[in-house]
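Asks: Sequence first, predicted model second:
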Amino acid sequence: MGEEASAGPPPAEEGEVPVVPETAGAAAEDKLGTAPDEAALDGPAPAVDAQSGAAGTDPVAEDDAPVTDAEGAPVPVADGDGSAVADATDGAEGQQGGASAEASAADEAAAEMSVPAVPPPPPVELEPLPEDYVPVKDLPPMAEAFGRNEEGKPVPLHGVESLFLTGTTIELVGLSGLGPDRVMGEVTKEVLLGDIQFRGAISDFHALKARIQAADYEPLLIRIIEDDLYGDGNNFEIALMREAGDLWRSISEEAARRAKLLELEAAHAAAERAKPRSKRARKVKPWQSMGSELDIEEASVRPRREPIRLVVQRKRREFHQSGVKLADKDAHELWNSSQMECRPFKDPNFDMRRMEQDVSVQAVAPLRETSTQSSGAIPPRPATTQTRALDLDEDAKRELLQRPRNTSGSVADFLERVRDQCEVALVQNEITNVFRDDLAALNDEADGGGGGSRKETLVSEAQSFTHLTYSKNKVVSAIQWLPHRRGVVAVACTEAQSHAERVARMGRTAPAHILLWNFRDPIHPELVLQSPWEVFAFQFNPLQPDLLTGGCYNGQVVMWDLSTEVDRLGRRTAGSGGTVGGAAKGAESGGSSGAAKAQVDLTPPPSAPTGTVSTGGAGAAATGGGTGSGDPAGGSSADGDAHIPVVKHRFMTDTQFSHHQVVTDLQWLPGVEISHRGKVTKLGEGSKECNFFATIAADGKVLFWDVRVEKLLKKGKKADDLLDLVWKPIHSVHLISLIGMDLGGTRLAFDFRRLEHGMFFAGSFDGELVYADFIKPEGEENPDYAKSCLQAHVGPVIALERSPFFEDVVLTCGDWQWQLWQEGSSTPLFQSGYAQDYYTAACWSPTRPAVLYLADQSGSLEVWDLLDRSHEPSIRVTLAATPIMSLAFNPMPAAASAAQQAAQQLLAVGDATGVLRIMELPRNLRRPVHNEKKLMGTWLERQQQRLADVGARQPARVGARKEAEERKKEAEAAALAEAAAREAAAKDAAAAVAAGVPPSPADRKDRKGQHPAEFDEKAEQEYLKLEARFKAQLGLLPPEANGGTAF
């Protein structure tokens, strides 16, 4: 018992206050003259609770805990009155005499070492944690005080410059206090400019004088660059813009806040550890699944289908009849051969246990006795009954209407009760489309109806257009539908020539044409727009459709005004039916406004086969012009060409201020005003103005133009005098490629919903995708407009188009594949596999969010439905034997409903021989499936998650690849070393054999083990002899080595 009593308390855990056992306290009381507890002296010490940290009885306070030395012996401690208190150590096995002797010795030692007790320190109140406290380890990583380039290397922030400061400069500007503990300091402009003025060119701040003066905040911040962060040898960096300075301050404040939080966390953790275990706050761990919920789920019974309802009913008069009893019976017991043809049997392959639920409901339909009296009629005429409608007299009506509320038969109460129901019915009638054909969707394949005629499932050609003079054997470079006229489409035809051929004929007059085709006349164009150079991109003004602008091969931009041609064509069609006289009259009426109006020329191009009536413009048409040698009244195709109106351009840009290479794309910017610095001002909702458009060319420039050319006329000039007019762009953006050269632009893509932000995409001839800002920053004359430049394709980007349903998703197409990009991402969301043929055109479906259309050089049209499959096209149709060069969908009004947009969808396709085909799409390609936009959004989210997962696994894959390469190198080195060792051993063995030294048994065993099994030792000896003879013949060994013989 003594050993158990002296064993002392169990060791306390970290941060826990030791608890005194009851035996020790009882022994101390015994030595002070207090009656000891027999249970404490005779019995073992009570066990300490593992959870609370206290003994079986009340815990002893910390001030009453005994003090022992390293060996466990008690050390006397004086109490507050100066009296000594001793602790009991190893007992005397319960003997009273030994305990008394030990107590007296302890009293003497305590008297000698009596010292005043030190009062405990007062409790310290901890600062509470903030209400929005989040552990520092759970906070997001702090922002970096520097930026990173595309390679991930640190670079200074925008508005920050790195520089090297000498010790003298640091002392002069007051930065000597900076160091590892304080890396940032403030310096006023006055001090820096004073240092520059005093020290001149030798000042470290001399190169930044202008930027220091232009800094937009005071004082300026200077930071220490640790460990040559940027690799330029500088040791300091200065923030010259408020944005960078605010970022530095926010980072410093956040670091200080987190350091304070760490101190608070450490103080609270220490205070929590100092508490007894019973008073500590328990940390509830999150529940971890061990599979019990699966066991519960398997043990529970839940219905997995709709219950089978059985309704048993009978007439009321049959209730309570004698001998009738309802009970369950099996089918084979009720089988009757006279009434049932098939005998029931139990299927051994099918066994299903059903849970039955007996529910009975007794209900009787209400009975009503009615009678009708009708007059007889002669068969087969039906009986008829005629009654007079019941009506109230005027007094009864007045009394009924004047009844007060809350009375029987009140009309006001009735109207109040049915008011909500009437409003719901009226609203439902208002929003219901009474013209909707509910039966049209019954056979829709997209909704799972299946079937449909062959015409409804195939892409069919509705019409085709070509002209022997203007478009045959030419390339349809661009297609545009007229936004205000249905059934009219315009195409630009260019020569199928290489760049060398175009350079060879440069300087010769070779006018190009844009043809306007009307579905009513597939033979003759409705209008021909003449251009001095070939047009590779053009577009109608979306809000003023009579204005048309196009980009030429030499970089100039031309504009046509068709406002006078619309009236003239109407009169020509209604009057003379397309004769020369009608055309001349129309030209005369259109020429009265001078050169500012569109000039009409009825002369066919130089390649026309016949000479016809020609005029020199609107003025010449008014005076009668000249006459041709052909018969205007003839009906031949040549005579028909003579009556095709040829409209010359109204304005042309000056060569000096235009592009210097071919214009590849043109985009109108509706509803905005653009300043000379590219700043965009919205005109407001419902604005009908569209005066600006942008062009991109292979010279690396994006130019913005204003079509209000009359504003450029000098004062005192008339509108007819346009000789001195110079049409210049109002804003220019210069783009740089990845290799630092001019970006050879091919396509533009603006976000028309957020034009005021100034961001746009551009594609290049080198397959680059550029994300740029066309707004010129303040204070910069030659800014870098490109925000990012990514290598998307290996060939030219032939298509760049935003999704009409997801404004941040962009389609790019080039070489043999197409890609989907998301704005702000450096990697494509999705990229297709490489096709067999080179792609030449691509576009989104205007009505289906998940459908794309692509054309290739083989003359085929591919339809990709991403919800159906993404590894191959869903439909592939061959439309022509020559390459397809352009695609364009017919536009639908913005106010058109989804059903109207999907009613008929036409796709214009232009090939490399000048043929324009109008394709009609089937119903399953023009009508979206149910929730297609939501499904496509989910598909895009999956692609984003896939990219995030690939990016997260990339470091591990790189590490594994490096390890595999290292293992491969080690294996190769080991193989080379082993081969070298074998070769050396073979040489040594051959030399030994040549010298007549027989190999040892161990060598023979080793060589035998190294060679395959079929080569035994005898064969090895023969080989070595042949080798020695051959070497002796070559003179590599003396003849004696071969026994003195030679060949």
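Replies: On my side now, so go ahead.

Asks: tell me the contacts of the closest residue to residue 727 other than its chain neighbours?
Replies: Spatial nearest neighbour of residue 727, chain neighbours left out: residue 653 (4.7 Å); criterion: CB to CB, 6 or more residues apart in numbering. Using the backbone N, CA and C atoms, a C-beta is placed for each residue, glycine as well. Applying CB atoms under 8 Å, 6 or more residues apart in numbering to residue 653 gives the contacts 556, 557, 558, 705, 727, 728, 729.

Asks: Give me the helix or strand of this protein that scores worst on average pLDDT.
Replies: helix 618-623 (a mean of 32; mean pLDDT, DSSP states H and E).

Asks: Please produce TSV containing the contacts of residue 653, extended by distance to residue 217 and pLDDT.
Replies: Formatted as TSV, the contacts of residue 653 follow (distance: CB to CB, whole Å; pLDDT from 0 to 100):
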residue	distance to residue 217	pLDDT
556	47	92
557	44	94
558	49	93
705	39	93
727	43	86
728	38	88
729	36	91
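
Asks: want to try JSON lines for those residues, with secondary structure, distance to residue 646 and neighbour count as columns?
Replies: Output for these, formatted as JSON lines (DSSP: H, G, I helix; E, B strand; the rest coil; distance: CB to CB, whole Å; neighbours: other CB atoms under 10 Å):
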{"residue": "556", "secondary structure": "coil", "distance to residue 646": "19", "neighbour count": "21"}
{"residue": "557", "secondary structure": "strand", "distance to residue 646": "20", "neighbour count": "28"}
{"residue": "558", "secondary structure": "strand", "distance to residue 646": "14", "neighbour count": "25"}
{"residue": "705", "secondary structure": "strand", "distance to residue 646": "25", "neighbour count": "24"}
{"residue": "727", "secondary structure": "coil", "distance to residue 646": "22", "neighbour count": "20"}
{"residue": "728", "secondary structure": "coil", "distance to residue 646": "28", "neighbour count": "15"}
{"residue": "729", "secondary structure": "coil", "distance to residue 646": "28", "neighbour count": "20"}
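
Asks: Turn those into TSV, columns for distance to residue 991.
Replies: Output for the contacts of residue 653, formatted as TSV (distance: CB to CB, whole Å):
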residue	distance to residue 991
556	86
557	87
558	90
705	89
727	93
728	90
729	87
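
Asks: and which of these is nearest to residue 303?
Replies: residue 705 (70.0 Å; CB to CB).

Asks: Now for that closest one: which residues touch it?
Replies: 549, 557, 653, 692, 693, 694, 695, 727, 729, 730.

Asks: Among those, find the lowest-pLDDT one for me.
Replies: Ranked by pLDDT, the contacts of residue 705 bottom out at residue 727, which has 86.

Asks: Contact partners for that one?
Replies: Contacts here follow CB under 8 Å, 6+ apart; on that basis residue 727 touches 557, 651, 652, 653, 654, 657, 705, 709, 712.

Asks: repeat that with 6 Å
Replies: Residue 727 sits next to 651, 653, 709 when contact means CB atoms under 6 Å, 6 or more residues apart in numbering.

Asks: Which member of those residues is positioned nearest residue 520?
Replies: Comparing the contacts of residue 727 against residue 520 with CB to CB places residue 651 closest, at 30.6 Å.

Asks: which residues pair with the closest one across the strands?
Replies: When bridges are called by DSSP bridges, residue 651 pairs up with residue 559.

Asks: Kindly provide the distance from residue 155 to residue 231.
Replies: 10 Å (CB to CB, to the nearest Å).

Asks: One more: residue 739?
Replies: Per CB to CB, residue 739 is found 22 Å from residue 231.

Asks: Thought residue 762 was touching residue 745, still the case?
Replies: Yes. Assessed by CB atoms under 6 Å, residue 745 is found in contact with residue 762 at 5.4 Å.

Asks: Sketch out the strands for the stretch 401-550 of the chain, chain order is fine.
Replies: Along the stretch 401-550 of the chain, counting by DSSP state E, counting those that start in this stretch, strands occupy 460-465, 474-481, 488-495, 512-518, 527-531, 535-540, 547-552.

Asks: Reformat the contacts of residue 727 as JSON lines; add distance to residue 478.
Replies: Listed next are these as JSON lines, based on distance: CB to CB, whole Å:
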{"residue": "651", "distance to residue 478": "20"}
{"residue": "653", "distance to residue 478": "18"}
{"residue": "709", "distance to residue 478": "23"}
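
Asks: Pick the one among these closest to residue 987.
Replies: residue 653 (82.9 Å).

Asks: one step back: nearest to residue 213, of the strands of the stretch 401-550 of the chain?
Replies: Closest approach to residue 213 among the strands of the stretch 401-550 of the chain (CB to CB): strand 547-552, 43.6 Å.
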